[in-house]
Each structure stands twice: as structure tokens, then as C-alpha cells.
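Peer 1: Structure for this input, please:
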Amino acid sequence: MATREQGRILADRVPLPTDDAQRLSWDLGTELAGRKPERARLEHTEGARSLTVFEATSHTVIARFRSAVGRESFFGLATDDLRDALESLPARWRVTRSEF
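Peer 2: Okay, here's the model as predicted:
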């Protein structure tokens, strides 16, 4: 039950299909993001939240969500799922860079 509730809260804050995303540890996410090319960046219009997307493989990406207080969460998901999410972003999010 706690996991389901956490998923709903996360879905309200992160503009990604969280049901399809795999949450990564901070250590793994930081290491991968440091070695992979940045492909997209999204910013929240009402605060300092951001989402940066890195290419992991030809079919997957790593997404780094940074909260307004600087906390980072990492997710792995399919590139196609990310493309779909970018096409239907909530109005509070804007794309500042995208190679998709």
C-alpha cells in the first residue's frame, strides 16, 4: 500500500509514466548520468524542479529528477515511453532542450 501511495505522489511531481519507469539507486543513476550524453531537459514553470534525460542505450534513457531543494531521483525507461510523455506534458512543465 505504501508503494502505491508513493507512486501517486511521484506521478504528480514527475512528468513521466512512472508505472513504466524503473527507479534506480542514486549511486547507479549518478554514475550513468555522468557517462552518458544529455538528450533532453525539462523545467517546472512554478519552481526550481527539473528533469534531465540521458541516453542509456539506443532504446532506453535515464531520467534525473531534481527537486526544488536539490534532491535527485533517477529512473530508467524506454525511449518510446519518454517520447509519449513529452507529447503530453502537463502545462506546468516546459521543454528547454530535446533531441527526441
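
Peer 1: Model confidence score at the residue positioned nearest the centre of the chain, please.
Peer 2: Taking C-alpha atoms, centre = their mean as the criterion, Ala63 is the residue nearest the geometric centre of the chain, at 3.6 Å. Looking at Ala63, its pLDDT is 95.

Peer 1: again with Glu87
Peer 2: 87.

Peer 1: again with Gly7
Peer 2: 45.

Peer 1: can you offset everything so residue one is 18?
Peer 2: Got it, the first residue is 18 from now on, which makes the last one we talked about Gly24.

Peer 1: pLDDT below threshold where in the chain?
Peer 2: Within the chain, the stretches with pLDDT under 70 are 18-29, 35.

Peer 1: where along it do the strands fall?
Peer 2: Using DSSP state E, the strands found in the chain span residues 39-41, 55-61, 67-72, 77-83, 89-95, 110-115.

Peer 1: and the fourth one, which strands flank it?
Peer 2: When you say that, I think you mean strand 77-83. strand 67-72 (antiparallel), strand 89-95 (antiparallel) (DSSP bridges).

Peer 1: Alpha carbons of the first one, as PDB, please.
Peer 2: The reference is to strand 67-72. Taking Å, rounded to 0.1, in the frame of the first residue of the first chain, the C-alpha atoms of strand 67-72 are listed here in PDB:
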ATOM      1  CA  SER A  67      13.900  19.900 -13.400                       C
ATOM      2  CA  LEU A  68      14.100  16.700 -15.300                       C
ATOM      3  CA  THR A  69      17.200  15.900 -17.400                       C
ATOM      4  CA  VAL A  70      17.200  12.900 -19.700                       C
ATOM      5  CA  PHE A  71      20.400  11.000 -20.700                       C
ATOM      6  CA  GLU A  72      20.700   8.400 -23.400                       C
END
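
Peer 1: List of residues touching that strand?
Peer 2: With C-beta atoms under 8 Å, 6 or more residues apart in numbering as the test, strand 67-72 has contacts from 31-33, 49-50, 53-61, 78-83, 99, 110. For glycine as for every other residue, the C-beta is placed from the backbone atoms N, C-alpha and C.
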